[in-house]
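Engineer: next one to model:
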Amino acid sequence: MKIELIVSGICPFCLEAEKVWRVAAADHGFEFSVVDITQPEGAALARHLKLQTVPAIVIDGELRAVGVQSPEEALTLLQPARQEAHDRMQQMGFTFSPDNRWFILAAQAYLMLAGLGLLINGSLLGDGATRPAFLHLFTLGFMLFMIYGLGAHMLPRFTGNPIREGTWPWLQMGLAHCGVIGYAVGYLIGWHGLVVAGAVLAWSSLLLFTIRVWPVLWPAEP
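Structural biologist: Alright, predicted model coming up:
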């Protein structure tokens with residue numbers, strides 16, 4: 001949430017208002033800035049809000065009050081925004097969604113398959129013909145699926161912006177599975193066409209993941 005205090009250099013009460021709102025913003029972790037009405041940015045904001053007097057408090061672009069507020073009055077003005085932030089976090093939740101759980105589980109499965117394959121075929125420390133297949137189960141399988149699961153879970157919670165859900169993650173998961181399996185099996189049987197197909201499918205899953213997380217990292221301007 002963004003709090004802006006509109007002030008003027010000749011205002012005798014603005015400094016007192018600034019002290020109140022700096023403390024309130026710091027206590028509740030909100031962004032705070034002071035905007036001087038004599039500067040171009042402040043003058044444009046005052047015209048937009050049709051402001052007649054200062055100090056004035058603007059919360060998320062909306063004029064909420066004028067004059068000097070007490071700490072109790074400032075807290076009252078912040079309550080709706082605090083509740084909105086709380087509701088958003090509750091809606092986002094802290095538990096893994098079903099698709100992210102499956103991404104993490106798949107990552108663990110590919111990790112075990114890669115380790116077993118390297119041990120059974122004697123290519124854990126050697127350089128056998130099957131080594132690339134099981135190494136890709138680790139890189140494309142374990143690492144990629146872990147990035148998908150943790151990234152889709154954590155990034156929205158860091159930024160507060162939602163990620164695309166619905167069929168998107170399941171399509172991404174299907175492409176990734178087909179890509180990993182195709183890549184590994186292609187190496188095992190020596191069929192390079194299947195390796196290429198697996199690579200294309202894996203890259204397609206990465207493209208879908210990019211499309212999903214793009215608005216999380218760079219949301220569209222309101």
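Engineer: what packs against the helix or strand where Val180 lies?
Structural biologist: Under the criterion of DSSP states H and E, Val180 resides in helix 168-189. Under the contact definition 3 or more C-beta pairs under 8 Å, 6 or more residues apart in numbering; DSSP states H and E, helix 168-189 sits against helix 98-120, helix 131-136, helix 144-159, helix 192-217. Placement of C-beta: from N, CA and C, glycine included.
Engineer: what residues of stretch 173-180 count as buried?
Structural biologist: Buried residues in stretch 173-180, counted by 16 or more other C-beta atoms under 10 Å: 173, 175-180.
Engineer: how does the chain divide into domains?
Structural biologist: Domain ranges of the chain: 2-91, 93-217, per automatic domain parsing.
Engineer: which one of those domains has the most crowded surroundings?
Structural biologist: domain 93-217 (a mean of 17; mean count of other C-beta atoms under 10 Å).
Engineer: what mean pLDDT does that domain get?
Structural biologist: For domain 93-217, mean pLDDT is 88.
Engineer: on that earlier part again, to Glu18, which of the helices and strands packed on helix 168-189 lies closest?
Structural biologist: The closest of those to Glu18 is helix 144-159. By C-beta to C-beta, the value is 28.8 Å.
Engineer: what's that closest one packed up against?
Structural biologist: helix 71-92, helix 98-120, helix 168-189, helix 192-217.
Engineer: now do the longest one and helix 144-159, the angle between them.
Structural biologist: Direction vectors for helix 192-217 and helix 144-159, defined by axes from the mean of the first three to the mean of the last three C-alpha atoms, to 10 degrees, enclose an angle of 10 degrees.
Engineer: closest one to Glu31 out of the buried residues of stretch 173-180, please.
Structural biologist: Met173 (36.4 Å).
Engineer: got the contact list for that closest one?
Structural biologist: The contact partners of Met173, by C-beta atoms under 8 Å, 6 or more residues apart in numbering, come to 99, 102-103, 106, 148, 205.
Engineer: how much space separates Pro55 from Ala17?
Structural biologist: 4 Å (C-beta to C-beta, to the nearest Å).
Engineer: er, Leu111 I mean
Structural biologist: Distance from Leu111 to Ala17, by C-beta to C-beta: 57 Å.
Engineer: cool, Leu118 as well?
Structural biologist: 67 Å.
Engineer: next: Leu208.
Structural biologist: Distance from Leu208 to Ala17, by C-beta to C-beta: 49 Å.
Engineer: likewise Gln39?
Structural biologist: Taken as C-beta to C-beta, the span from Gln39 to Ala17 is 17 Å.
Engineer: got it, and Gly117?
Structural biologist: Counting by C-beta to C-beta - Gly117 and Ala17 are separated by 67 Å.
Engineer: next: Asn121.
Structural biologist: If you go by C-beta to C-beta, the gap between Asn121 and Ala17 works out to 73 Å.
Engineer: redo the helices and strands packed on helix 168-189 as TSV? Include distance to Gly9.
Structural biologist: Shown next, in TSV, are these (distance: least, C-beta to C-beta, whole Å):
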stretch	distance to Gly9
helix 98-120	52
helix 131-136	65
helix 144-159	36
helix 192-217	39
